[in-house]
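**Student:** below: sequence and its predicted model.
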Amino acid sequence: MGSDWKMGLYRLLPVRLQEAALAFYARGLERLYYGPGYESWKDRAREWRRGTPDSRQDWIRERLSYIVRTAALKAPFYRKKWKGIGWKEIGRSGPLSILPTICKQEIRMNEAAFLNEDRSPKSLWMEKTSGTTGTSLKIFWPKEMLPKWWALVEVLVRNEAGVGQDVPRAMVGGRPIIRGDAGKPPYWRYNRRWRQLYFSSYHISRETAPHYIGSLKKYRSRWMTGYGSAIAALAESSSGAGLAPCPLETVIVSGDTLLAGMRRSIEAFFRCKCRDSYGQAEGVLMAMECGMGRMHLLSMTGIAEILREDGSPCGSGEVGEIVATGLLNDAMPLVRYRTGDYASWAVQQTCSCGNPEPVIENLEGRVDDYIITEDGRKIGRLSTAMKRSPRIHSSQLVQDRPGHAYLLVRPSDGYRHSHALDVREDILQRIGRFDLEIREVPEIPKTPSGKLALVVRLDERPGMKPVYEKFFKGTWKP
């Protein structure tokens, strides 16, 4: 909703006026999201799928050449960083790999140096990343990029799943739209302008689930989007409360890691396909799961590389870090940006769904999702082990000191303690000597932004220490 003072004012309003404020806010966003260029870019997105491989590659090369040229000539950071590099041929004959990669810390230290000097501040829209270690990153988009981005979301994400902006929906997100101490419904606010039911992700339980599901039916929501962990929690709580399944047309999740147990819970209760999607506030790349369960990149948004630690390209099936170059943002160009996410190129790129876009697999946790051994090693890429058992609804590693961590496990139907032991053994095979204690818990805490983190290192999240004390002190016994 905006700045802190606006949220403070919002919380003082009665529910009816809060919902009126949401509709007013949505009206302002409409002018930005669905303004000039939106319809023409929807047409472009549809034509993109029908086009030839050559026509798609020609557009990508032309756009890449423009972004690189803009960065080199207009952004102080690149002008200095690329001095002496033959960037002018990139997009034509020169490989993108001649340019150095950039990381979040370089942007965080000097955001202004990445900005196009010809751009007026009034022409920019600011996005903030959630900040894995508590420090967000400010990313500036040109305002004319917004309708382009949302046109691609509409056609290549929502329409791909059979829904759209004009179809009534529910969203489960991390915005604190309800007071944390709210003890009675409504645990949502309804944006009438968009027919969007915005659920609080912080109040879901067996006791509140009937109210949530009742509101889905009252407002006739036909699909749902938001954090996979929160939507799965709603499905599990509803089933646990004895509620009958609530059919939807689809569920599209993003923002945190979708584990197999979560997908199973969502699809069982909402009686529809759950589709995973991928994106970031940086706006450099998007991907969407097709009906065959395969994750396709949306190449109009950016160019993806998957690299080893030494910077060399990974082969098919080999997991590496996603490095992306955004093709839409010429106000704050991000060229060879290390996203901090891992994936691999699928060995089989042809998909029976008919989508010609590249396919990625093994989309894993962030680079920051690592634990530290007693001898100082940083061990990451543990999400494969965490996804091992579909009988585990969700799990999390909480590290309180080097060489020791807790494996929090939230059981699902059919769970046995041996499933947690298998995950623990898988992790230890990767780490070696390490003290890893299992705790079976009814809920796994979310970050302040409402996401489910795979790894929480308490030295970097001191504010979350009180949340975990009940696990460590045995209030919730395994």
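**Tutor:** That came in fine, so what should we check first?

**Student:** quick one, what contacts the most centrally placed residue in the chain?
**Tutor:** What sits nearest the mean C-alpha location of the chain, by C-alpha atoms, centre = their mean, is Gly255, with 2.5 Å. Gly255 makes contact with Gly173, Gly174, Gly226, Tyr227, Gly228, Lys451 under the criterion C-beta atoms under 8 Å, 6 or more residues apart in numbering. Where C-beta positions appear, they are placed from N, C-alpha and C, glycine not excepted.

**Student:** likewise for Glu160?
**Tutor:** So Glu160 contacts Met288, Cys290 (C-beta under 8 Å, 6+ apart).

**Student:** the same query, at a cut-off of 6 Å, please.
**Tutor:** Met288 (C-beta atoms under 6 Å, 6 or more residues apart in numbering).

**Student:** go on, Leu234?
**Tutor:** Here Leu234 is in contact with Ile204, Tyr212 (C-beta under 6 Å, 6+ apart).

**Student:** quick one: mean pLDDT over the helix or strand hosting it.
**Tutor:** According to DSSP states H and E, Leu234 maps onto helix 228-240. In this model, helix 228-240 has an average pLDDT of 88.

**Student:** buried ones in that helix?
**Tutor:** Buried residues in helix 228-240, defined by neighbour count with 16 or more other C-beta atoms under 10 Å: Gly228, Ser229, Ala230, Ile231, Ala232, Ala233, Leu234, Ala235, Glu236, Ser237, Ser238, Ser239.

**Student:** repeat for stretch 245-261
**Tutor:** Buried-residue list, stretch 245-261, by 16+ other C-beta under 10 Å: 246, 248-259, 261.

**Student:** for the residue nearest to the centre of the chain, give me phi and psi.
**Tutor:** phi 100, psi -30 (degrees, to the nearest 10).

**Student:** thinking again about what came up before, highest neighbour count among the contacts of Gly255?
**Tutor:** Within those, neighbour counts (other C-beta atoms under 10 Å) peak at Gly228, which reaches 27 neighbours.

**Student:** let me know whether that one touches Arg263 as I believe.
**Tutor:** No: the criterion here is C-beta atoms under 6 Å, and Gly228 misses it with Arg263 at 7.5 Å.

**Student:** what is the neighbour count of Gly439?
**Tutor:** Quick fix: residue 439 is Arg, not Gly. So Arg439, with other C-beta under 10 Å, has 20 neighbours.

**Student:** quick check, it in a strand?
**Tutor:** Yes: the assignment for Arg439 (DSSP: H, G, I helix; E, B strand; the rest coil) places it in a strand.

**Student:** quick one: the helices in the chain, in order.
**Tutor:** Along the chain, the segments classed as helices by DSSP state H run 4-12, 15-33, 38-50, 53-74, 76-81, 104-109, 145-153, 209-218, 228-240, 260-270, 383-386, 417-431, 465-472.

**Student:** compare those and give me the one nearest Ile306.
**Tutor:** Proximity to Ile306 (C-beta to C-beta) singles out helix 383-386 among these, at 15.5 Å.

**Student:** hmm, what's the outermost residue in the chain?
**Tutor:** Gly84 (36.3 Å).

**Student:** show the pLDDT at it.
**Tutor:** Reported pLDDT for Gly84: 93.

**Student:** repeat that for His203.
**Tutor:** So His203 comes in at 82 (pLDDT).

**Student:** quick one: residues contacting it.
**Tutor:** So His203 contacts Tyr187 (C-beta under 6 Å, 6+ apart).

**Student:** from Lys446, how far off is it?
**Tutor:** 12 Å (C-beta to C-beta, to the nearest Å).

**Student:** where does pLDDT dip in the chain?
**Tutor:** Along the chain, the model assigns pLDDT under 70 to residues 1-4, 130-136, 180, 365-370, 377-381, 383-384, 387-388, 430, 448-451, 471-478.

**Student:** before we move on, the earlier item: can you put the buried residues of helix 228-240 in a markdown table and add distance to Tyr212?
**Tutor:** Supplementary listing: the buried residues of helix 228-240 in a markdown table, determined by distance: C-beta to C-beta, whole Å:
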| residue | distance to Tyr212 |
| --- | --- |
| Gly228 | 16 |
| Ser229 | 15 |
| Ala230 | 11 |
| Ile231 | 11 |
| Ala232 | 13 |
| Ala233 | 10 |
| Leu234 | 6 |
| Ala235 | 10 |
| Glu236 | 12 |
| Ser237 | 8 |
| Ser238 | 7 |
| Ser239 | 13 |
